[in-house]
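Colleague: Sharing a model prediction with you, sequence too.
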Amino acid sequence: MAYKNKKAEVKIRKEILKEEKYIKVPVTREELVIEQRENVNGFGGKNETIRIPISEECIEVTKYPVTLADISIYKHQIEDIQHIEETMKSETLRVKKTGNVNVIEKKIEEQQ
């Protein structure tokens with residue numbers, strides 16, 4: 001008789017972790033600067049500056065999944081042979097005859 005013994009149980013689940021991050025990102029922009037300085041007889045005069053934006057960097061945050069590892073989970077069944085010693089019982093029919101008795105013996109095969 002074989003006995004199955006439950007030894008352990010494993011539960012697997014996927015958990016999604018969320019984390020907020022605050023980072024500093026340098027952003028560059030270019031502009032055209034026009035400065036006009038007036039010089040009146042060696043004295044500082046009127047100064048005028050014009051700034052014209054040419055280009056600037058924009059920040060774009062992109063999130064995408066990256067596979068770090070492939071995981072396989074499987075059940076592996078192992079069959080062992082165990083040697084046991086047990087006393088087996090069997091039954092035998094013995095007929096004792098006394099007198100003038102006619103006994104017909106017939107073998108009956110057991111079906112299992």
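Modeller: Done, it's in. No experiment lies behind these values; they were computed from the predicted model shown. Numbers count the residues shown, from 1 in each chain.

Colleague: what is the mean pLDDT for whichever strand or helix holds Glu31?
Modeller: In this structure, Glu31 sits in strand 29-40 according to DSSP states H and E. Mean pLDDT, computed over strand 29-40, is 88.

Colleague: Show me the contact partners of stretch 23-43.
Modeller: Residues from elsewhere that reach stretch 23-43, judged by CB atoms under 8 Å, 6 or more residues apart in numbering: 44-59. (Glycine included, C-beta is placed from N, CA and C.)

Colleague: would you put the C-alpha positions of that stretch in PDB?
Modeller: What follows is stretch 23-43, C-alpha atoms only, in PDB (Å, rounded to 0.1, in the frame of the first residue of the first chain):
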ATOM      1  CA  ILE A  23      15.100  63.800 -10.000                       C
ATOM      2  CA  LYS A  24      16.800  66.900 -11.300                       C
ATOM      3  CA  VAL A  25      17.300  67.100 -15.100                       C
ATOM      4  CA  PRO A  26      19.400  69.900 -16.600                       C
ATOM      5  CA  VAL A  27      17.500  71.500 -19.600                       C
ATOM      6  CA  THR A  28      19.400  73.600 -22.100                       C
ATOM      7  CA  ARG A  29      18.000  76.300 -24.300                       C
ATOM      8  CA  GLU A  30      19.600  78.600 -26.900                       C
ATOM      9  CA  GLU A  31      18.700  82.100 -27.600                       C
ATOM     10  CA  LEU A  32      20.100  84.900 -29.900                       C
ATOM     11  CA  VAL A  33      21.100  87.900 -27.900                       C
ATOM     12  CA  ILE A  34      21.400  91.300 -29.500                       C
ATOM     13  CA  GLU A  35      22.900  94.100 -27.400                       C
ATOM     14  CA  GLN A  36      23.000  97.700 -28.400                       C
ATOM     15  CA  ARG A  37      25.100 100.200 -26.400                       C
ATOM     16  CA  GLU A  38      25.300 103.800 -27.200                       C
ATOM     17  CA  ASN A  39      28.400 105.600 -26.400                       C
ATOM     18  CA  VAL A  40      27.900 109.400 -26.200                       C
ATOM     19  CA  ASN A  41      31.200 111.300 -26.000                       C
ATOM     20  CA  GLY A  42      32.900 108.600 -23.800                       C
ATOM     21  CA  PHE A  43      30.000 108.500 -21.400                       C
END
